[in-house]
Structure formats: structure tokens, C-alpha cells
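A.B. asks: give me the fold of what follows.
(chains A, B, C and D)
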Protein chains: 2
Amino acid sequence: MSNLDATFSALADPTRRAIIARLAEGELALSKLAEPFDMSLTAVSKHVGVLSDAGLVEVDKRGRTRHCRLRAEQMQDAFEWLNGYQQFWHDQFDALARHLAPTGQGDKA
Amino acid sequence: MSNLDATFSALADPTRRAIIARLAEGELALSKLAEPFDMSLTAVSKHVGVLSDAGLVEVDKRGRTRHCRLRAEQMQDAFEWLNGYQQFWHDQFDALARHLAPTGQGDKA
DNA sequence: CATTTAATCAACTAATTGGTTGATTTTGTC
DNA sequence: GACAAAATCAACCAATTAGTTGATTAAATG
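C.D. replies: The predicted structure is shown next:
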């Protein structure tokens, strides 16, 4: 599975995006991380597993707890992929704007 | 399903990203669009359906053909979501850099 | 009108996903 | 040593996904 496959598919779940948002505020033990979610610890653990497989989260064992921290850099490729189309949607927007409100001097000014 | 759910999950498939890449070069009839892919037309049609449900592609009927065009603006929310973490991974990178090569004058210069 | 082309539909399959529960393992604490 | 807490494991379930094939519909063309 490509990096992008794993990243985008990890980000496609709202629980996992919420996990990322929580971890952005700092490292958390799994049980603390799981608290706000209305599902079993097992379920959260699986989500963390998906994020970890995608490289978005790092888990390290400390005693009986597992500490999770965000590896935000791993989102870069996905970001860059989307960024490649940003110019495209700006162009589309510009084209639409020119179509709706032609000034007749857009090219010169 | 949230917008982000649909967008990220649509982007999680390599065939669908390839479809987007093709459409970025211009509008295409479904059969033309499907040509390079090693799968049935039905399969490609389903992928286009997923992209269309996510608002990433627009399909319009013309005679017996279906013409597909990219709606790149629909990627903006996903882009912005990721962008919110860009600062975060830059910070992490900077922190690492300071850790590896402390110059002692990084703050002043 | 007969044929070909574009596409969808319906039905099926195998694999994956997101969740559950109950039992177990490991670790810290009284 | 006994107990509570943190987490995993194993098994299961229902829904979804990515693909297939064969039949059908609809439009263009000889």
C-alpha cells in the first residue's frame, strides 16, 4: 500500500481525525486518549493501530501504559499531493470570476 | 458523512487519484477516461461514482456518453485541514534541528 | 432496420472495516 | 500476595469496498 493510500484512508475516519487533534496538544497515554470517545478502549486501540501503521502516530511502551504522540510530518506527502491541485482550483476560480465579471483589462492591469 | 470523510476516503484509492490526475488535464468521456486502467468499465464507473458522491468530479450526460470533469475546489477543505497541522510539523522539524545543531545564536540572528 | 458503442444494472464474491465482548497478560500499588 | 488498572488478544458480527460477469438500455451510424 502506498504511503498516500495509508495516509488518506487513515484520515478518512472522524474518530481518527479527532485522535490526531487531541494528540496535537501533547502526548497522551492510550487510556487518557480514549476517554472522550464513546467506544471501547479496544476500538480506540485499533484506531491508534491504523494511525500507527500509517506512520501518523508513534506509540511507545512505558510500564503498563502506552504513550501516543503525533508524527505530523507524515502528513506532508498528502499535503503536497493536494497542494498540486491548489493552483488548479485557483485557476478555476479565476476563470469563473473572469466569466462573471469581465473587466476587459484583466490581462493588462 | 462529513465532507472530510468523503473526500479523504475518495482520495485513499490509487485508481481514484489517477482518475483525478487524468481529469486535471481536461474533461473526458467515461470510456476514454477508463482506457488506461486495467479493469472493467463498470469498475471505473463505480470509482467515478465515489468521486462524484464526494463532489470531486462532475458527470454530465451528452447523448450516450458521460463526460467527467474535475471539481478541484472540493479538495479545499481537506487541504485546509492538513494545513492546520503544517505549522505543527514545521515546529517539530525546527525543534529537531535546534536539538541536532545548536548554534547558540539561533534566536538572535 | 440492424449493428455497434457507451454506459448502467443486478447479482455475486472476497476482503476489509469498525465495532463488540470476554478472557488474558502485564504492571503498579495497598 | 492480592487486587486494580492498562492494554492486548481472539473471536465474532454487520456493513462496506473493490472488483467481477452477464444482461439490458439507449444512442449513433451503416
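
A.B. asks: wait, what's in contact with A:Glu58?
C.D. replies: For A:Glu58, the contacting residues are A:52, A:68-69, A:71, by C-beta atoms under 8 Å, 6 or more residues apart in numbering or on different chains. From N, CA and C alone the C-beta is placed, and that goes for glycine too.

A.B. asks: how about stretch A:41-60: buried residues?
C.D. replies: Residues A:44-45, A:47-48, A:50-51, A:54-57 are the ones in stretch A:41-60 that count as buried (16 or more other C-beta atoms under 10 Å in any protein chain shown).

A.B. asks: and for A:Gln74, nearest residue in space, chain neighbours not counted?
C.D. replies: Leaving aside its sequence neighbours, A:Gln74 sits nearest to A:Gly55 (C-beta to C-beta, 6 or more residues apart in numbering or on different chains; 4.3 Å).

A.B. asks: assign the one you found to helix, strand or coil.
C.D. replies: Going by DSSP: H, G, I helix; E, B strand; the rest coil, the secondary structure assigned to A:Gly55 is coil.

A.B. asks: chain B contacts on chain A?
C.D. replies: A:2, A:4-5, A:8-9, A:11-14, A:17, A:20, A:24, A:70, A:72-73, A:75-76, A:78-79, A:81-83, A:85-86, A:88-89, A:92-93 (C-beta under 8 Å from any C-beta of the partner chain).

A.B. asks: buried among the residues you listed? Make that a PyMOL selection.
C.D. replies: A single PyMOL command selects the buried members of the residues of chain A next to chain B (16+ other C-beta under 10 Å):
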select buried, chain A and resi 4+8+9+11+12+13+17+20+70+72+73+75+76+78+79+81+82+85+89+92
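
A.B. asks: show me which of the residues of chain A next to chain B neighbour DNA strand C.
C.D. replies: When contact is defined as C-beta under 7 Å from any atom of the strand, the residues of chain A next to chain B meet DNA strand C at A:9, A:12-13.

A.B. asks: how about the residues you listed in JSON lines, adding secondary structure?
C.D. replies: Converted to JSON lines, those look like this (three-state DSSP):
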{"residue": "A:Ser9", "secondary structure": "helix"}
{"residue": "A:Ala12", "secondary structure": "coil"}
{"residue": "A:Asp13", "secondary structure": "coil"}
